[in-house]
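> no sequence on hand, only this structure:
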DNA sequence: TAATGTGAAGGAATTCACAGCC
DNA sequence: GGCTGTGAATTCCTTCACATTA
């Protein structure tokens, strides 16, 4: 007999750490806690205690807090921290409330406490070995970050197809052939794969990472990867970022000309670059 | 006499392109269209016709569509395109509806039409010169992308402080000293600045870019930049990306143990790694 | 008194579902 | 019949505002 756990239903009290709780979505009114296989919901179970957007910000808070800790700041208010992190203070407090109540009313938060709680939530207490696939310009740069941005993400393996690169150490790690991806990833316990290949190779590389058991992928290739539901993909897409900025440049220009047109209209000098300004009642 | 344009009030019919309209937020009930300076709202004017999230996806659709165009695909349905872009088809149609009605019911979209409409909206019909500041590992990689991901974003200037780098060409462009940032950016009409410096230098570099008149910044330094409201910053933060993936690894592990615990509980074998399973009524 | 933590309100983005058109 | 375009419903996220607590 096998069971699965339905959404919004299971609450697990973890060992240690006081009344710390893994919570799912708010209620689930008349739900039954454990179902037999057969009436599975369409989407696979997801414990959504912490909104995705909040997770990204927690990582930012962590960095700011680490900086403060190095400067021997011991306590900080939500207001100060929110300014340093570039968010509003209510949002910051709500984000922190997702991980528990570690502040002191009238005082603020203990920096060290927050650092370790956020690290715990983000799973930074374990090591996550990284494999970089595609040792071109970008792959080199990534491998040479050495230990990858902030400790805890050691680069454990490098892969490419270029025979000239095989065995060549980059950032201290010798490059392996991509055909060895399964064995090397297993052996070195890689949990995160980074794809830095040319676009045409990306999907195939992704497939091989997935069949090697890697469930988290950071994709630098400008390609939409198709993966099974249980694999998490984050992408870093320079072209998209540039194009978003381009959109804002264009929007700014449109606004400027709209404003100019409004001024012209008021001055009765006619339109310039615009055919008409329509004003809502 | 100067005027500015209030939010949700100005509608501008642009030259050419049929009934194409730059629209702001839905209503703004009793608002006046043109204000004199003095009663400015707190937040600076933003024409929000297209949600930010949709803009990012439009860039992705554009890439997929360009690929299709190269394969001489002339027509595509929202369903097919949405699969290729990794989104759901209703979202795709809604996103496309923000830019106009270019589809044909019962048929689909003309690939070339969509490509040019998206390019127009994203402002890709103009050239956007890019300056890269910080010619280390990453700066090199970026400069060597040569013309930057997808045409339309030529790298026009490189800056650093290292005397050994001055004048050295990287990706065909000689490196300038950062002290020349204002004059060089003006002369080469840089509209996008890319910060690839070490973290401690990032804010100062950002300030100099801003005073050089650059209003769009892509920041690779793991630092929260403080900028005026009229400057657009996008960040690419590897540490944050890795930590989000780490969070998912951790969540997966928690889920696995929770599910295991549920199974154990049902089997009456007691808890393993969990103190109690609390089931909501 | 000062600042957290959080219901509740508000807004934005997503998804549904179907009218309208080819 | 098939597919777009879009109001309406829903879900998710943000912000407000204040009761609560050290």
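Great, that's in hand. Quick caveat, the model's predicted, so the values are computed rather than measured.

> only C-alpha atoms for contact and neighbour calcs from this point on.
Fine.

> enumerate the residues of chain A near DNA strand D.
A:51, A:52, A:53, A:54, A:87, A:88, A:90, A:91, A:94, A:104, A:105, A:106 (CA under 7 Å from any atom of the strand).

> and those residues, which of them are buried?
residue A:54 (16 or more other CA atoms under 10 Å in any protein chain shown).

> ok, which of the residues of chain A next to DNA strand D also contact DNA strand C?
Within the residues of chain A next to DNA strand D, those near DNA strand C by CA under 7 Å from any atom of the strand are A:90, A:94, A:104, A:105, A:106.

> in strands only, show me the residues you listed.
Judged by DSSP state E, these include residue A:104 as members of strands.

> would you turn the ones next to DNA strand C among the residues of chain A next to DNA strand D into TSV with pLDDT and distance to residue B:68?
Below are these laid out as TSV (pLDDT from 0 to 100; distance: CA to CA, whole Å):
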residue	pLDDT	distance to residue B:68
A:90	97	45
A:94	98	44
A:104	97	57
A:105	97	58
A:106	96	59
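
> which one of the ones next to DNA strand C among the residues of chain A next to DNA strand D is nearest to residue B:159?
Of all those, residue A:90 has the smallest distance to residue B:159: 38.6 Å, by CA to CA.

> SS state for residue A:72?
coil (DSSP: H, G, I helix; E, B strand; the rest coil).

> which of the ones next to DNA strand C among the residues of chain A next to DNA strand D lies closest to residue A:184?
residue A:94 (41.6 Å).

> residue boundaries of the helices in chain A?
A:52-70, A:78-85, A:89-99, A:111-121, A:137-144, A:181-187, A:199-211, A:238-267 (DSSP state H).

> quick check, distance from the longest one to the centre of its chain.
Yep, that's helix A:238-267 we're talking about. Its chain's C-alpha centre and that of helix A:238-267 lie 30 Å apart, by CA atoms, centre = their mean, to the nearest Å.

> now swap in the fifth one and tell me
Between the centre of helix A:137-144 and the centre of its host chain there is 20 Å, according to CA atoms, centre = their mean.

> what about chain A, any weak spots by pLDDT?
Per-residue confidence for chain A (pLDDT under 70) gives these ranges: A:1-48, A:146-150, A:259, A:264-281.

> domain parsing for it?
For chain A, the structural domains run A:1-49, A:52-121, A:129-236, A:242-281, going by automatic domain parsing.

> among those, which is nearest residue B:122?
Closest among the domains of chain A, once you apply CA to CA, is domain A:242-281, at 4.3 Å.

> what's the farthest-apart pair in the residues of chain A next to DNA strand D?
The span of the residues of chain A next to DNA strand D, defined through CA to CA, is set by A:52 and A:106 at 29.2 Å.

> any idea how far apart the tips of stretch A:158-167 sit?
Stretch A:158-167 has an end-to-end distance of 10 Å (CA to CA, to the nearest Å).

> contacts for it?
Contacts to stretch A:158-167, defined as CA atoms under 8 Å, 6 or more residues apart in numbering or on different chains, come from residues A:131-135, A:143, A:173-178, A:181.

> let me have the domains of chain A in CSV, extended by distance to residue B:199.
Formatted as CSV, these follow (distance: least, CA to CA, whole Å):
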stretch, distance to residue B:199
domain A:1-49, 32
domain A:52-121, 11
domain A:129-236, 11
domain A:242-281, 21
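
> out of those domains, which is closest to residue B:224?
That would be domain A:52-121 among those, by CA to CA, at 6.2 Å.

> and the closest one, end to end?
For domain A:52-121, the end-to-end distance is 13 Å (CA to CA).

> still on that earlier bit, in JSON lines, list the helices of chain A along with distance to chain B.
Shown next, in JSON lines, are these (distance: least, CA to the nearest CA, whole Å):
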{"stretch": "helix A:52-70", "distance to chain B": "6"}
{"stretch": "helix A:78-85", "distance to chain B": "6"}
{"stretch": "helix A:89-99", "distance to chain B": "12"}
{"stretch": "helix A:111-121", "distance to chain B": "7"}
{"stretch": "helix A:137-144", "distance to chain B": "5"}
{"stretch": "helix A:181-187", "distance to chain B": "16"}
{"stretch": "helix A:199-211", "distance to chain B": "11"}
{"stretch": "helix A:238-267", "distance to chain B": "4"}
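
> okay, the ones you listed in JSON lines with distance to residue B:75 next?
Formatted as JSON lines, the helices of chain A follow (distance: least, CA to CA, whole Å):
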{"stretch": "helix A:52-70", "distance to residue B:75": "35"}
{"stretch": "helix A:78-85", "distance to residue B:75": "45"}
{"stretch": "helix A:89-99", "distance to residue B:75": "44"}
{"stretch": "helix A:111-121", "distance to residue B:75": "47"}
{"stretch": "helix A:137-144", "distance to residue B:75": "35"}
{"stretch": "helix A:181-187", "distance to residue B:75": "39"}
{"stretch": "helix A:199-211", "distance to residue B:75": "23"}
{"stretch": "helix A:238-267", "distance to residue B:75": "23"}
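
> residue contacts, the residue nearest the centre of chain A?
Centroid-nearest residue in chain A: residue A:56, 5.5 Å away (criterion: CA atoms, centre = their mean). By CA under 8 Å, 6+ apart, residue A:56 lies in contact with B:240, B:241, B:243, B:244.

> my read: the last one touches residue A:53, true?
No. The pair residue B:244 and residue A:53 does not pass the contact test of CA atoms under 8 Å, sitting 9.8 Å apart.

> count the residues that sit near the residue nearest to residue A:197 when sequence neighbours are not counted.
Distances taken as CA to CA, 6 or more residues apart in numbering or on different chains place residue A:134 nearest to residue A:197, at 4.4 Å, with adjacent residues excluded. Residues lying near residue A:134 (other CA atoms under 10 Å in any protein chain shown) number 25.

> then residue A:109?
Neighbours of residue A:109 (other CA under 10 Å): 19.

> how near is the nearest residue to it once chain neighbours are set aside to chain B?
Nearest non-adjacent residue to residue A:109, counting by CA to CA, 6+ apart: residue A:103, 4.4 Å away. Counting by CA to the nearest CA, to the nearest Å, the separation of residue A:103 from chain B is 22 Å.

> tell me the spacing between residue A:103 and residue A:68.
16 Å.

> higher neighbour count, these two?
More crowded of residue A:103 and residue A:68, by other CA under 10 Å: residue A:103, with 20 against 17.

> what's the burial count for residue A:70?
By other CA under 10 Å, neighbour count at residue A:70 equals 9.

> how about the contacts made by whichever residue of the stretch 101-250 of chain A sits closest to DNA strand D?
Relative to DNA strand D, the nearest point of the stretch 101-250 of chain A is residue A:105 (4.2 Å; CA to the nearest atom of the strand). By CA under 8 Å, 6+ apart, no residues touch residue A:105.

> burial count for residue A:164?
Neighbours of residue A:164 (other CA under 10 Å): 9.
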